[in-house]
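> How does the following fold in three dimensions:
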Amino acid sequence: MLVLILVLLLAIVLGGLGFAVHVLWWIALAVLVLWILGFLFRGAERSGSRRGRRYRW
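Residues are numbered from 1 along each chain as shown. The predicted model follows:
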């Protein structure tokens, strides 16, 4: 009986972890798209000036 409970708890934890990782991948993808769009629109807005750049390297 103890083994069955441990297996069920392990399945619940791994299932929850898999769901959380899946959600985090979608959040990371949305942030990446927003970052790329912001980078492109900011670059198009101030293409000639150095003040518009986010990085100085």
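> And residue 3, how far from residue 10?
10 Å (Cβ to Cβ, to the nearest Å). Any C-beta I mention is one placed from the backbone N, CA and C, and that applies to glycine too.
> More neighbours: which of those two?
Applying other Cβ atoms under 10 Å to residue 3 and residue 10 shows that residue 10 carries more neighbours, namely 10 against 7.
> For that one, what is the enclosing helix or strand?
If you go by DSSP states H and E, residue 10 is part of helix 2-45.
> how far does that helix sit from the chain's center?
Taking Cα atoms, centre = their mean, to the nearest Å, the mean C-alpha location of helix 2-45 is offset from the chain mean by 6 Å.
> Next, count neighbours for residue 42.
13.
> What average pLDDT does the helix holding residue 10 get?
What helix 2-45 shows for mean pLDDT is 86.
> Tell me, how many residues neighbour residue 26?
Residue 26, neighbours per other Cβ under 10 Å, totals 9.
> Distance check, it against residue 19.
11 Å.
> what's the answer for residue 30, then?
17 Å.
> again, but for residue 28
The value you get for residue 28 to residue 19, if Cβ to Cβ is used, is 15 Å.
> With residue 27 instead?
Residue 27 is 13 Å from residue 19, by Cβ to Cβ.
> just checking, what packs against the helix holding residue 10?
Helices and strands in packing contact with helix 2-45 are not found; criterion 3 or more Cβ pairs under 8 Å, 6 or more residues apart in numbering; DSSP states H and E.
> Could you check how far residue 41 is from residue 33?
Counting by Cβ to Cβ, the gap from residue 41 to residue 33 is 12 Å.
> Repeat that for residue 15.
28 Å.
> do residue 4 as well
Residue 4 is 44 Å from residue 33, by Cβ to Cβ.
> and the residue nearest the centre of the chain, what is it in contact with?
In the chain, the centroid-proximal residue (Cα atoms, centre = their mean) is residue 28; its distance is 1.3 Å. By Cβ atoms under 8 Å, 6 or more residues apart in numbering, the contact list for residue 28 is empty.
> For residue 10, see how far away it is.
Residue 28 sits 26 Å away from residue 10 when distances are taken as Cβ to Cβ.
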